[in-house]
Structure formats: structure tokens, C-alpha cells
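Peer 1: Curious how this folds, go ahead:
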Amino acid sequence: MDDTQKLIARVDALAHRTGASTSTLSRKLFGNGKRLDEIRAGGSLTMTTYHRAVSTLRDLENAPARGRAA
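Peer 2: Below is the predicted model of the structure:
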């Protein structure tokens with residue numbers, strides 16, 4: 001599994017865990033709700049964009065859950 005596939009898997013896992021759509025997460029990571037689907041279909045990322053997305057994703061993964069009963 002390459003780094004892009006790992007990024008996609010992490011976004012999918014976060015979407016499943018939080019109930020957020022992958023489109024919403026794509027918008028938060030890339031500023032474009034369809035960008036993750038483009039990457040999933042074979043699109044590429046610059047290293048700068050990849051690192052920025054990974055950093056933002058890490059922040060989202062570590063954010064406390066909101067609006068969910070414990």
C-alpha cells in the first residue's frame with residue numbers, strides 16, 4: 001500500500017468513525033469535496049499538498065468527538 005492509498009484508508013476510517021462524509025473530509029483536506037474521489041481514481045498529489053493533507057488529517061483524527069454520547 002503506497003502513501004496515497006494509506007491516506008485514502010485513513011480518510012475512509014475517519015469518515016466511518018465520525019459519520020462525516022468523505023466529500024466533507026475531502027473539502028477540509030483539499031478545499032475541494034471531489035478531490036479525494038479524483039485521487040482515489042488515480043489522480044496524483046504534489047508532495048506539498050500531500051503533507052498538508054496528512055497534517056490536517058492528523059488534527060481531525062485527534063480532535064475530540066463532538067455531539068456524540070459517551
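Peer 1: going forward, measure contacts and count neighbours with C-alpha atoms only.
Peer 2: Noted.
Peer 1: all helices of this protein, in order?
Peer 2: If DSSP state H is used as the criterion, the helices of the chain fall at 3-18, 22-30, 35-40, 47-62.
Peer 1: now those in TSV, with mean neighbour count and mean pLDDT?
Peer 2: Formatted as TSV, these follow (neighbours: other CA atoms under 10 Å; pLDDT from 0 to 100):
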stretch	mean neighbour count	mean pLDDT
helix 3-18	15	96
helix 22-30	18	97
helix 35-40	16	97
helix 47-62	14	97
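Peer 1: center of this protein, which residue is that?
Peer 2: Nearest to the geometric centre of the chain sits Val11, at 3.6 Å (CA atoms, centre = their mean).
Peer 1: which ones are touching that residue?
Peer 2: Val11 makes contact with 22, 25, 57, according to CA atoms under 8 Å, 6 or more residues apart in numbering.
Peer 1: I'd assumed Arg10 was in contact with the first one.
Peer 2: Looking back up the chat, that one is Thr22. No. Contact criterion CA atoms under 8 Å: Thr22 and Arg10 do not qualify, at 10.6 Å.
Peer 1: intersection of neighbour lists for the two?
Peer 2: With CA under 8 Å, 6+ apart, Thr22 and Arg10 have no common neighbours.
Peer 1: Look up how far Ala53 lies from Leu7.
Peer 2: 9 Å (CA to CA, to the nearest Å).
Peer 1: I should have written Asn62 there, sorry.
Peer 2: 14 Å.
Peer 1: Same question for Leu45.
Peer 2: For Leu45, the distance to Ala53 - CA to CA - is 10 Å.
Peer 1: before we move on, what about Gly19?
Peer 2: 19 Å.
Peer 1: likewise Ala63?
Peer 2: For Ala63, the distance to Ala53 - CA to CA - is 15 Å.
Peer 1: what's the answer for Gly42, then?
Peer 2: 17 Å.
Peer 1: just Leu36 next, same as before
Peer 2: Leu36 is 11 Å from Ala53, by CA to CA.
Peer 1: same deal with Asn32?
Peer 2: 12 Å.
Peer 1: Equivalent analysis for Thr22, please.
Peer 2: Thr22 sits 14 Å away from Ala53, going by CA to CA.
Peer 1: Perfect, that will be all.
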